[in-house]
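Novice: The amino acid sequence is not available; the structure is as follows:
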């Protein structure tokens, strides 16, 4: 009887230890706030991974939350910044749903001298080459692509030049500061370009500047390629973008791989994306009608073969 009870007690203790270990291994997801988009990332991550995840918003986060966590998911720029501030090298941190330029700036500011093998990201913005390929598919006879950068996005100059060149286009680039008159800088670029690519940089394109740009480009018969569905609705010929659900799906896939013991993927652009077209703008610009599914398949084919 004593031996039986000892076995039962040992089994119970083992179960408790295993349950505690499983609980400790649950990933922690930190949301920048409880906005709808962040909730969509959270829900899609859970649905894709099928895993239980401990979720906190920044105002709920306690000093003990991130300790002894092997996997931390930070959703949004503010969450990424906070978790980089608290980063410990024995954990793996995935920042998700934030611009690539923001992630690079945060790494340089907060982990300038540390190894970054345990930190990665899933960006919200599209790779430049994907955007430029879309622009070329929209207007195949184009020769020149216009764009504008600010000090915040200046690091994109070289990849922008390389991507434009690889598609067979010439880049017509300008820089804008907060003290510049946008018209003086952008009008010559638009007049000298066959296409214009909008870089997601709020220092260059706020709501007023974007509205003015779209009007000017339409007047000069220059198709604008945007980075959100709102840009398409406002008058861009086409835009390419990833939703919060799509970013959450990719985050969930990464979580599954990490919990299976696979290595942390490198910082990556969205694996899933959608394209939106403005038919009125396309007709006004005298562009050939396009089929969205065919356009997306053409982009995917180019990415698979190059």
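Specialist: Received it, and whenever you're ready, just let me know what you need. Quick caveat: nothing in here was measured; it's all calculated off a predicted structure. Numbering: from 1, shown residues only.
Novice: What's the per-residue pLDDT of the residue nearest to residue 242 when sequence neighbours are not counted here?
Specialist: Leaving aside its chain neighbours, residue 242 sits nearest to residue 270 (3.8 Å; criterion: C-beta to C-beta, 6 or more residues apart in numbering). Yep, even glycine has a C-beta here, placed from its N, CA and C like the rest. As predicted, residue 270 sits at a pLDDT of 98.
Novice: Could I get the full set of helices for the stretch 51-200 of the chain?
Specialist: 77-85, 100-110, 128-138, 157-167, 182-191 (DSSP state H, counting those that start in this stretch).
Novice: contacts for the second one?
Specialist: Residues from elsewhere that reach helix 100-110 (C-beta atoms under 8 Å, 6 or more residues apart in numbering): 77, 80-81, 84-85, 87, 95, 116, 119, 121, 123, 125, 152-153, 155-156, 201, 267, 269.
Novice: and if you look at the shortest one?
Specialist: The contact list for helix 77-85 (C-beta under 8 Å, 6+ apart) reads 30-33, 58, 61, 66, 72, 74, 93, 95, 98-99, 102-103, 106-107, 110-111, 119, 121.
Novice: Residue 142: what's it in contact with?
Specialist: 135-136, 169, 194-195.
Novice: Just give the closest residue to the most centrally placed residue in the chain, not the sequence neighbours.
Specialist: By C-alpha atoms, centre = their mean, the chain has its centre lying nearest to residue 124, at 1.5 Å. Nearest non-adjacent residue to residue 124, counting by C-beta to C-beta, 6+ apart: residue 97, 5.4 Å away.
Novice: Surely the one you found is in contact with residue 247?
Specialist: Yes: the pair residue 97 / residue 247 is scored as a contact, 4.9 Å apart, by C-beta atoms under 8 Å.
Novice: Tell me which of those two has more neighbours.
Specialist: residue 97 (28 against 25; other C-beta atoms under 10 Å).
Novice: Can you tell me how far the residue nearest to residue 242 is from residue 251?
Specialist: Residue 270 sits 11 Å away from residue 251, going by C-beta to C-beta, to the nearest Å.
Novice: In terms of neighbours, single out the busier of those two.
Specialist: The neighbour count for residue 270 versus residue 251, taken as other C-beta under 10 Å, is higher for residue 251 (25 against 22).
Novice: which SSE is the more buried one in?
Specialist: In the assignment (DSSP states H and E), residue 251 maps to helix 244-259.
Novice: That helix: which residues count as buried?
Specialist: Judged by neighbour count (16 or more other C-beta atoms under 10 Å), helix 244-259 contains these buried residues: 244-255, 258.
Novice: Return the distance of that helix from the chain's centre.
Specialist: The chain centre lies 13 Å from the centre of helix 244-259; the measure is C-alpha atoms, centre = their mean, to the nearest Å.
Novice: same thing with stretch 280-297?
Specialist: 25 Å.
Novice: Now it: buried residues?
Specialist: For stretch 280-297, by 16+ other C-beta under 10 Å, it's 281-282, 285, 287, 290, 295.
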